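1. Please find the sequence and the predicted model below.
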Amino acid sequence: MSEGFGKIVKIVFSGIVMLLSGMIGAQTAQLIFPLLPEELFTDGRTWLTLWLPCKIFITIISSISFALIGLILSPLFFRLLGLIGTLFETHLKNTSWSEITSATIGMIVGLIIANLMALPFSDLLFGSYFAILLNIILGYLGARILLKRQNDLKQVLGPIQGLKDRLSMMRGARERQIGEKLLDAEDGARSAAGRKILDTSVIIDGRILDVARTGFLEGLIIIPQFVLLELQAVADSTDPARRTRGRRGLDVLNDLQRLQGLNIEIDGETLKNLGVESVDSGLVALAGRIDAQILTTDYNLNKLAQIQGISVLNVNDLANALKPMLLPGETIVIDVIREGKEPHQGVGYLDDGTMFVVEDGEKFIGKRVEVVVTSMLQTSAGRMVFGRFRKEVKH
């Protein structure tokens, strides 16, 4: 593939040499016209047909001749270019890029000065030759001088580099200020969202994990060390039911820590340091000390915290608030599965687990009935709906 590419380059180079040689031939013909005798251009010539002007004929012959000469000499020119390239490669092999850059800049500056100096002489007879001479001399001198004084070039460019460094430092300082403002805003938002302490009951319940996954749980989530100890004690219980609940709580904690964007912190305060003996009292004392809210499903803890002025977030209240609202007078179909606490009552459950108490529904246990909602009781422990029997529904 390399040999084929080399042949293409040679052919293209030969074509360019022929084209340039032909143009030189045409220019040469124009120069020799005044030197030829006038009899060649008279109408009475017999050596050339009348329809072909003599000047055009001479120009064509001269162009073809020079093009053939260029074609013959093109291999020599090609080899000469190769030797020049090898010479440059040999001399530049041990030359650093800084030296090459300095020489190039010096040559460019010299050429610019040369062309500016030659501009006033452009209309004179020797103006073009003077411009060529100036370009050669000043281009060489510029490259030579700047190559020798490249250390001085670094000093000249030093203030520019210093200005660039100062601009970079200013840009970096500005970016840091913006970053600090963003962090302060994030801390402010986190502080505004508040701190929330998880108790053992809400961890074992597990619904807090679903709430966190939806993104509704914000702020700093604090898990006290004594809650972890209580959870571990439940997981190590000899009672299979308690042991299962404790292990589920540990799994919920692990899943919470893996959630992206949830900031969880383990607080090392002990019950002894807080001056209390029970876990519930410790939660209330810690929440009052760090100005935090308590997340729980424990009804008794809820009441204890409210008495002492601590804000409580009860997951049961959240779940009840999200249940569909039933209004008195609405009808609904349920299955009566057992008797109620009061005489003649039957009990069924809605799809979301809400208990539905049916008046005079005891005789319909095991049957599906249509009932009318009469009232609703809402507590932190859950929601109860009361209704009266309307008619039996066949399966």
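-> In hand now; what should we look at? Numbers count the residues shown, from 1 in each chain.
2. what residues are up against residue 147?
-> Shown in contact with residue 147 (C-beta atoms under 8 Å, 6 or more residues apart in numbering): 99, 102, 103, 106. C-beta: built from backbone N, CA, C; applies to glycine.
3. what about it, distance to residue 134?
-> 20 Å (C-beta to C-beta, to the nearest Å).
4. Please name the nearest non-neighbouring residue to residue 227.
-> residue 200 (5.4 Å; C-beta to C-beta, 6 or more residues apart in numbering).
5. is it true that the one you found touches residue 231?
-> Yes. Between residue 200 and residue 231 there is a contact at 5.5 Å, judged by C-beta atoms under 8 Å.
6. Secondary structure class of residue 221, three-state.
-> strand (DSSP: H, G, I helix; E, B strand; the rest coil).
7. I meant residue 388, not that one.
-> Going by three-state DSSP: residue 388 is strand.
8. Please give me every residue in contact with it.
-> Here residue 388 is in contact with 358, 359, 360, 371, 372, 374 (C-beta under 8 Å, 6+ apart).
9. Neighbour count for residue 200 and residue 231, which is higher?
-> Counting neighbours by other C-beta atoms under 10 Å for residue 200 and for residue 231 shows that residue 200 has the greater number, 27 against 24.
10. Check the gap between that one and residue 208 for me.
-> Applying C-beta to C-beta, the value for residue 200 to residue 208 is 12 Å.
11. how about residue 212, what does it touch?
-> So residue 212 contacts 256, 259, 262 (C-beta under 8 Å, 6+ apart).
12. Take the residues you listed and keep only those in strands.
-> Among those, no member is found in strands (DSSP state E).
13. Dump those residues into a markdown table; add pLDDT and neighbour count as well.
-> Listed next are these as a markdown table, based on pLDDT from 0 to 100; neighbours: other C-beta atoms under 10 Å:
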| residue | pLDDT | neighbour count |
| --- | --- | --- |
| 256 | 87 | 19 |
| 259 | 85 | 15 |
| 262 | 83 | 16 |
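14. what's the closest of these to residue 342?
-> Comparing the contacts of residue 212 against residue 342 with C-beta to C-beta places residue 256 closest, at 41.6 Å.
15. thinking the closest one is in contact with residue 264, fair?
-> Yes. Under the criterion of C-beta under 8 Å, residue 256 makes contact with residue 264 at 6.2 Å.
16. any common contacting residues for the two?
-> residue 221.
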